Structures are given as structure tokens and as C-alpha cells.
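Colleague: For reference, the sequence and a predicted model appear below.
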Amino acid sequence: MNLADFFTHSKSLLKLTYPILIAQLIQNLMGFVDIVMAGRVSSIDLAAVAVANSIWLPITLTVYGLMMALAAIVSQLSGSSKYEEVVEKTYQTAWIGLVLGLSLVGLYYILMPIIAPHVTLEDKLAGLMFDYLGFIIWGAPGYCLYLVLRNYSEGLSYTKPTMIISVIGLLVNIPANYIFIYGKFGLPALGGAGCGIATALVYWSMFISMLSYCFYSKVLKQANLFTAFYWPVWHEIKNILTLGIPIALSLLFEVSLFAIAAIILVPFGALVVASHQVALNFTSLVFMVPLSIAMATTIKVGYAVGNNNLKQARDYTLYANILGLLLACVTAIFTLLFRKDIAGFYSTEEPVIELAANLMLLATIYQFSDTIQVVSAGALRGYKDTKSILYITFVSYWLIGLSVGLVLCVTDWIVPKMGPYGLWIGFIVGLTAAAILLAWRLRIIQQRLAFEIQRTTTST
């Protein structure tokens, strides 16, 4: 490894990474603000927001994954200086986003009367939850269209707008929560359900802000969205969906794995579930670091591939993994040293703190494999190889990780049942399997492209 090259590539990656990381953390902070402000009304309001978010989060992540395809497409096209195609692909993705956002609104009002009678929550809790979802769903079109413009900008290597507009979203979120939760300026007090209106307003404000940035920005003029208009073209939309659906499903597999883990632990009691959630919440925040590096890697690798610079694409992949592992060392040491203090921030109960701290100890191990798997997946998106990510994550998370976790958690087949520790060991095994398989697939793609270039050069 050339140290000078490492610092050069790392500096370039970090320039793209830090705005994405700050934006991701702000998104998490908005969820934290919702929980805290709703919790000040009552525990029922807090529970309603938490349950509604557990339904809404997989939907938003699936949409997010689908729209991430655009960043890979745009980065490759910009690497080839095909800016007219950048605009066309962005419009086709916008049509997908618009239809998807409106469909979510329609589906809610079709399914809600069917599902609501079968919900077994107490009446007030169920009412608040459905009110929250009924409000937030109107933000779905704005959220989808915002993601289109965000990935268009990031694909062109401009990530700072994402950070700035996330700050705008937070500045809208806090006063909007205050107004609609507590009923200010003559409006009714909606309690936890008011967070739904606030979040919908955040989505639309972020979309309008990003649209304004795209209109006035000088740096985006090379691929100006407002100099042409494109109606939907089915085969283009199909190509984008073919690339985006595997990304969306792979994200869903990962989220659902951790969600089902909480359900598996329910028989072990509330203390165990609470400890699991504390450790999971903190490690999810830590995961924002390698995830942001992975998103920057997608952009850099895509641009290099579009520019037919396969060496640069390989270099960015290698140096992104090294950078990610170095930062994982930092976060792992921090977790190791302060895990009890971190757990104490979430809970005042000593048994919860003790168990959560022990689970965080296991989390320090999987931070390394988690880094390799997410950065490798980011590089594969840059190469526009997304189906392999879907297959590998399904096998690694569900067939390997969950199976090992279940066996160790609830059976005596190998060792006496380990409870939550067994499940977290399953996470380590699953993420390690994903890291190995994704890195292997990445190597195959790199070798295949190099061979094709060599064969083309030889034949000419």
C-alpha cells in the first residue's frame, strides 16, 4: 500500500463522507426529538410514536434503498461526462418516486380500515398510532422526491447540500413538534400523533429546499434539471428498478433481522429486551460511520468506472476499507472503554446497564466485519452489481446469522442456551459471512472488468 496514495484517496473520500454522516446523525436526532417530546405528554404517546415508527422505518428504508440506485447511475454517467443522460435518468427516477409516494398514501387509506379492527393494542394507543401514520403518510411523496434530488446531487459528488438540508429539516421538526404535540397558536393538542404532522412537514421542507438548491446551484449547471423535461419511459424505469430493488431488499433484510431479534428475546423478559434495544440503538449510531463511507465509495467507484479508470476504482475500494477499519478501531475502543457509561445514558437500572454493556462488548467484535461488508456493498453499487448484494445478504443474515443466533439463543444443541448473547454471536457470524462473500464478489467483478478491458484492447 502506498501511504501517500492512501492519504490522498482518504481525504477525497472523507470530503464526501462527513456531510453524509452528519446528515444521517441528524436524521437519527429527529427521531430522538420525537420520542422525547412525545414522552413528555405521556407514556402512551411515547409508545404510540415508537410503535408507529417501527412500522414506518422499514418503509422509509426500503424507499431509501430503491432511490440509492440513482447515485450509482449518476456517478457512472458523470464519469463519462454524459450529463444529458444524468438529467434523463433523474427524471425517470423522479417518476418512480412520485408514483411510489402517492401509492403509499393510497395504500394507507385502503388498508387502514381493514387492518385497524384486528390491532390488539388498547384503544387510545391504537388511535394515536393510526393518527400518527395518517399524518406522516402525506409526507411520503415529498420524502420520495427529496431522495431523488439528494441522490442526483450526491451522484455528482456534491454531498454538502444533504447535510445543510438535514439541518433545515431539524429546524422545522422541533418547532413543528412543539406546535402540534402541545397545541399552540390555537391548534388542537394532538399529543404523539402531532409528530406525524411535524415529520410530514420536514419531508416537504427538505424536498422544497433541495429543489431550490438544484435550481439555483451553479455547480449543478453541468447537468441542469431545468433545461429539459422527460416523460416516463418504461424500459428506463425498468432498468432503474432492476438496480434499485435489490438494494432496497438487502436493506430490508438487515433491518428485519434486528427487528425479529427483539421478538425472539421477548420470552426472556423485559430486562433482556430493554438491554438488547439499548445496545442495538448505540451500535446503530456507530454504524452510521461505515455506512457513510460506503455511500461515498459508491460515488467514487461509480465515477471511476464511468471514466474507464478501473485502477482508480480498485484503489478507492481498497482505501475505503482500510479507512473504515481504522475508524472501526476508534469506535470499538471507545465502545470498549465507555460501554457502561453509554448504557447508563439510556437506563438507570443496574441489570439493564450491565447486560447492555456486555452486549456492546460483542458489538466491538462485529464492527470490523460490519465495516467490510457495508463498504464492499457500497463499492458493488458503484459497479452497478446489486443483485449479488441481495443474494449474499439474504444468505448471510437470515440463513447463517439468524440460524446460528437461534440455535445458541434458545437451544442446548451445541452449548447450554445463551439467551441474548447467543443471538449477538449470531450477528457476528452473519456479518462476518457477509463481509467474506461481498469482498469475494467484489474481487470477481474487478477481475472480470479488467479481463474485459484487456480483451478489448488486445482485439483492437
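Modeller: Received it, and whenever you're ready, just let me know what you need.
Colleague: can we go C-alpha only for contacts and neighbour counts from here?
Modeller: Noted.
Colleague: Could you pull out the buried residues of the helix or strand hosting residue 92?
Modeller: Assigned by DSSP states H and E, residue 92 belongs to helix 83-115. Buried residues in helix 83-115, counted by 16 or more other Cα atoms under 10 Å: 83-84, 86-98, 100-102, 104-105, 108.
Colleague: Let me know the distance separating residue 371 from residue 163.
Modeller: 22 Å (Cα to Cα, to the nearest Å).
Colleague: Would you mind listing the buried residues in the longest helix seen in the chain?
Modeller: Longest helix in the chain by number of residues (criterion: DSSP state H): helix 420-459. Under the neighbour-count criterion of 16+ other Cα under 10 Å, helix 420-459 has 420-439, 441-442, 446 buried.
Colleague: show me what contacts residue 50?
Modeller: residue 35 (Cα atoms under 8 Å, 6 or more residues apart in numbering).
Colleague: what about it, distance to residue 379?
Modeller: 34 Å.
Colleague: Can you report how many residues lie near residue 41?
Modeller: 15 (other Cα atoms under 10 Å).
Colleague: tell me the contacts of the spatially closest residue to it that is not a sequence neighbour?
Modeller: Nearest non-adjacent residue to residue 41, counting by Cα to Cα, 6 or more residues apart in numbering: residue 191, 6.5 Å away. Shown in contact with residue 191 (Cα under 8 Å, 6+ apart): 38, 41, 45, 128, 180-182.
Colleague: Mind checking which of those land in helices?
Modeller: 38, 45, 128, 180-182.
Colleague: farthest pair in those residues?
Modeller: In the ones in helices among the contacts of residue 191, two members sit farther apart than any others by Cα to Cα. They are 128 and 182, at 14.1 Å.
Colleague: give me the low-pLDDT residue ranges for the stretch 301-450 of the chain?
Modeller: Under the criterion pLDDT under 70, no range of the stretch 301-450 of the chain is flagged.
Colleague: For the closest residue to residue 398 other than its chain neighbours, pull up the helix or strand it's in.
Modeller: Distance criterion Cα to Cα, 6+ apart; nearest residue to residue 398, sequence neighbours excluded, is residue 257 at 7.0 Å. Residue 257 is part of helix 234-265, with elements assigned from DSSP H and E.
Colleague: on that earlier part again, so the longest helix of the chain versus helix 234-265, what angle?
Modeller: 160 degrees (axes from the mean of the first three to the mean of the last three Cα atoms, to 10 degrees).
Colleague: Show me what helix 420-459 is packed up against.
Modeller: helix 310-346, helix 350-382, helix 387-393, helix 403-410 (3 or more Cα pairs under 8 Å, 6 or more residues apart in numbering; DSSP states H and E).
Colleague: and residue 219, which of those is closest to it?
Modeller: helix 350-382 (22.0 Å).
Colleague: so what secondary structure elements neighbour the closest one?
Modeller: By 3+ Cα pairs under 8 Å, 6+ apart, helix 350-382 packs against helix 43-79, helix 270-306, helix 310-346, helix 420-459.
Colleague: Let me have the ones you listed in TSV, adding distance to residue 209 as columns.
Modeller: Output for those, formatted as TSV (distance: least, Cα to Cα, whole Å):
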stretch	distance to residue 209
helix 43-79	18
helix 270-306	22
helix 310-346	31
helix 420-459	36
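Colleague: can I assume residue 236 is in contact with residue 92?
Modeller: Yes - Residue 236 lies in contact with residue 92 (Cα atoms under 8 Å); the separation is 6.8 Å.
Colleague: For the closest residue to residue 33 other than its chain neighbours, pull up the helix or strand it's in.
Modeller: Distances taken as Cα to Cα, 6+ apart put residue 174 closest to residue 33, at 7.2 Å, once the chain neighbours are dropped. Using DSSP H and E, residue 174 sits within helix 160-182.
Colleague: List the residues that contact residue 208.
Modeller: Here residue 208 is in contact with residue 146 (criterion: Cα under 8 Å, 6+ apart).
Colleague: what helix or strand does it sit in?
Modeller: Judged by DSSP H and E, residue 208 forms part of helix 194-216.
Colleague: Can you list the buried residues in that helix?
Modeller: 194-211, 213-214.
Colleague: Next, the angle helix 43-79 makes with it.
Modeller: 20 degrees.
Colleague: Compute the inter-axis angle for helix 194-216 and helix 160-182.
Modeller: Using the same axes, to 10 degrees: helix 194-216 against helix 160-182 is 150 degrees.
Colleague: and stretch 306-320, C-alpha only, in CSV?
Modeller: Below are the C-alpha coordinates for stretch 306-320, written out as CSV (Å, rounded to 0.1, in the frame of the first residue of the first chain):
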residue,chain,number,x,y,z
GLY,A,306,-17.7,5.6,-15.9
ASN,A,307,-14.3,7.1,-16.7
ASN,A,308,-12.9,3.7,-17.5
ASN,A,309,-10.3,4.1,-14.8
LEU,A,310,-10.6,0.6,-13.2
LYS,A,311,-7.3,1.0,-11.2
GLN,A,312,-8.8,4.1,-9.5
ALA,A,313,-12.0,2.2,-8.8
ARG,A,314,-9.9,-0.6,-7.2
ASP,A,315,-7.8,1.9,-5.2
TYR,A,316,-10.9,3.6,-3.8
THR,A,317,-12.4,0.3,-2.8
LEU,A,318,-9.2,-0.8,-1.0
TYR,A,319,-8.6,2.5,0.7
ALA,A,320,-12.2,2.9,1.7
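Colleague: Check the offset of it from the chain's centre.
Modeller: 24 Å (Cα atoms, centre = their mean, to the nearest Å).
Colleague: Could you do stretch 35-45 as well?
Modeller: 26 Å.
Colleague: can you check stretch 88-107 too?
Modeller: 19 Å.
Colleague: repeat for stretch 431-441
Modeller: Distance, centroid of stretch 431-441 to centroid of chain: 19 Å (Cα atoms, centre = their mean).
Colleague: So residue 371 and residue 163 - more neighbours on which side?
Modeller: The neighbour count for residue 371 versus residue 163, taken as other Cα under 10 Å, is higher for residue 371 (29 against 19).
Colleague: ok, and the closest non-adjacent residue to the more buried one?
Modeller: Residue 371's closest residue in space is residue 290 (Cα to Cα, 6+ apart), at 5.4 Å.
Colleague: so the one you found sits right up against residue 376, yeah?
Modeller: No - in this structure residue 290 lies outside contact range of residue 376 using Cα under 8 Å: 10.4 Å.
Colleague: care to break this protein down by domain?
Modeller: 1-232, 246-460 (automatic domain parsing).
Colleague: Among these, which comes closest to residue 240?
Modeller: domain 1-232 (6.7 Å).
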